[in-house]
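> Return atomic coordinates for the entry below.
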Amino acid sequence: MTRTESSLLATFADYLGAQRLVDRMSDDGFPVESVRIVGDGVRTVEQVTGRLTRGRAALAGAASGAWFGVFIGLLFGLFSADTTWVWFVLISLVIGAFWGAVFGFVAHWSTRGKRDFSSVMTLEAQRYEVHVDRERAAEAARYVL
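Next comes the predicted model:
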């Protein structure tokens with residue numbers, strides 16, 4: 001992808017404002033392939049969602065292990081006859097949940113309390129700029145009023 005020179009069309013405090021502008025341009029038939037949304041001043045934000053105990057770590061591990069077990073059970077079930085595929089799925093689910101719980105518990109226990117919380121990490125920008133290729137700048141200016 002080659003980069004062309006661009007002009008700043010508008011600046012927004014949040015991503016939603018920039019998205020609305022580009023969506024309005026798209027709805028009106030503007031060639032949005034020449035538009036870019038640029039996040040400036042990007043930072044990570046970690047939202048703490050709760051306390052993480054050994055029990056919760058084991059429960060989260062059991063849930064992810066169960067999903068993996070179901071996946072493996074379905075793969076084995078593809079090559080089985082009759083309704084035995086159901087047993088493959090159920091047995092794989094139980095085994096996956098057990099080992100997931102064990103690994104979740106051990107992984108949390110091994111940190112020795114250095115990270116006793118769960119969180120979700122996101123990226124945020126201080127502002128969002130909508131840029132458009134220079135040859136389309138005059139045409140795009142009518143969308144910013």
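
> now the most centrally placed residue in the chain, what's its secondary structure?
Residue closest to the mean C-alpha point of the chain, counted by Cα atoms, centre = their mean, is residue 122 at 8.6 Å. Secondary structure state of residue 122, per DSSP: H, G, I helix; E, B strand; the rest coil, is strand.

> Skipping adjacent residues, who's closest to it in space?
residue 45 (5.2 Å; Cβ to Cβ, 6 or more residues apart in numbering). Backbone N, C-alpha and C define where each C-beta goes, glycine included.

> mind checking how far that neighbour is from residue 125?
Residue 45 is 11 Å from residue 125, where distance means Cβ to Cβ, to the nearest Å.

> who's more crowded, the two?
residue 125 (18 against 10; other Cβ atoms under 10 Å).

> pretty sure the more buried one is touching residue 44, no?
No - judged on Cβ atoms under 8 Å, residue 125 makes no contact with residue 44 at a distance of 11.0 Å.

> I'd assumed residue 10 was in a strand, is it?
Yes - assessed with three-state DSSP, residue 10 lies in a strand.

> who does residue 119 bridge with?
Beta-bridge partners recorded for residue 119 (DSSP bridges): residue 48.

> check contacts around it.
46-49 (Cβ atoms under 8 Å, 6 or more residues apart in numbering).

> Report the secondary structure state of residue 142.
Strictly by three-state DSSP, residue 142 counts as helix.

> That one and residue 132: what is the separation?
Residue 142 is 11 Å from residue 132, by Cβ to Cβ.

> Neighbour count: those two, which is higher?
Remark: of residue 142 and residue 132, residue 132 carries more neighbours, 26 against 10, as counted by other Cβ under 10 Å.

> Strands of this structure, start to end?
Counting by DSSP state E, residue ranges of the strands within the chain are 6-12, 35-40, 43-51, 117-124, 127-133.
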